[in-house]
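Engineer: Following is a predicted model, sequence given first.
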Amino acid sequence: MNDMSDKTALMAAAQKARGAAYAPYSGFSVGAAVVCGDGSVYTGCNIENASYPCGICAERTAVAKAVSEGKREFRMIAVTGSSAEKCTPCGICRQFLYEFSPDMSVLCGNDAGEYDEIKLSELLPCGFGASSME
Ligand code: THU
């Protein structure tokens, strides 16, 4: 997942995953696709709830699916929202990702498939993780 076509394909997978978003309250659908250390890819979408705090973001849906299948290392995640603005992960998702792979890359995309690549360590500088407690 290093060349441009791989990244474009990962973003396309995130856009496809966005199609399953359940977002009746915000009307903002989000899709994500994460590449694991072994090259496998898991996708996710946001899932809202009538009790608003119960909702989950697309990134955590994708990573929870992967972790529940035994994956613990992530190279890159693509995230895309249903707007012209490029979607960056929320604070909770940044922390959730940081737990497993502080050095991973994040592709922040918009509804047209355009994206910026940003390191998670830039999105969450001085993050608190497992090594912080050593
Ligand atoms: N959302 C995500 O799924 N990922 C993000 O990175 C930003 C926000 C979702 C949560 C909620 O369902 C909707 O977008 C509006 O905040």
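Structural biologist: Arrived safely. Numbering: from 1, shown residues only.
Engineer: Provide the secondary structure category for the one residue sitting closest to the centre of the chain.
Structural biologist: For the chain, residue 59 is the residue whose C-alpha lies nearest the centre (CA atoms, centre = their mean; 3.3 Å). Secondary structure, DSSP: H, G, I helix; E, B strand; the rest coil: residue 59 is helix.
Engineer: Buried ones in the longest helix anywhere in the chain, by neighbour count?
Structural biologist: Scanning the chain for the helix with the most residues, using DSSP state H, yields helix 4-18. By 16 or more other CB atoms under 10 Å, the buried positions in helix 4-18 come out as 7, 10, 11, 12, 13, 14, 15, 17, 18. From N, CA and C alone the C-beta is placed, and that goes for glycine too.
Engineer: got a list of contacts for that helix?
Structural biologist: Contact with helix 4-18 is made by 1, 29-33, 35, 41, 43-45, 58, 62, 76, 78-82, 107, 109, 111, 113, 115, 117, as judged by CB atoms under 8 Å, 6 or more residues apart in numbering.
Engineer: Get me the contact residues on this structure for the ligand.
Structural biologist: Residues of the chain found near the ligand (CB under 6 Å from any ligand atom) are 23, 26, 28, 30, 46, 48, 55, 57-59, 79, 87, 89-90, 93.
Engineer: Repeat the analysis, applying 8 Å as the threshold.
Structural biologist: Proximity of the chain to the ligand is confined to 21, 23, 25-26, 28-30, 32, 45-48, 55-61, 79, 81, 87-90, 93 under the rule CB under 8 Å from any ligand atom.
Engineer: on that earlier part again, from memory the residue nearest to the centre of the chain sits against residue 80, does it?
Structural biologist: No - using CB atoms under 8 Å, residue 59 and residue 80 do not qualify as a contacting pair, with a distance of 10.7 Å.
Engineer: residues shared between the contacts of the two?
Structural biologist: Counting by CB under 8 Å, 6+ apart, the common neighbours of residue 59 and residue 80 are 30, 32.
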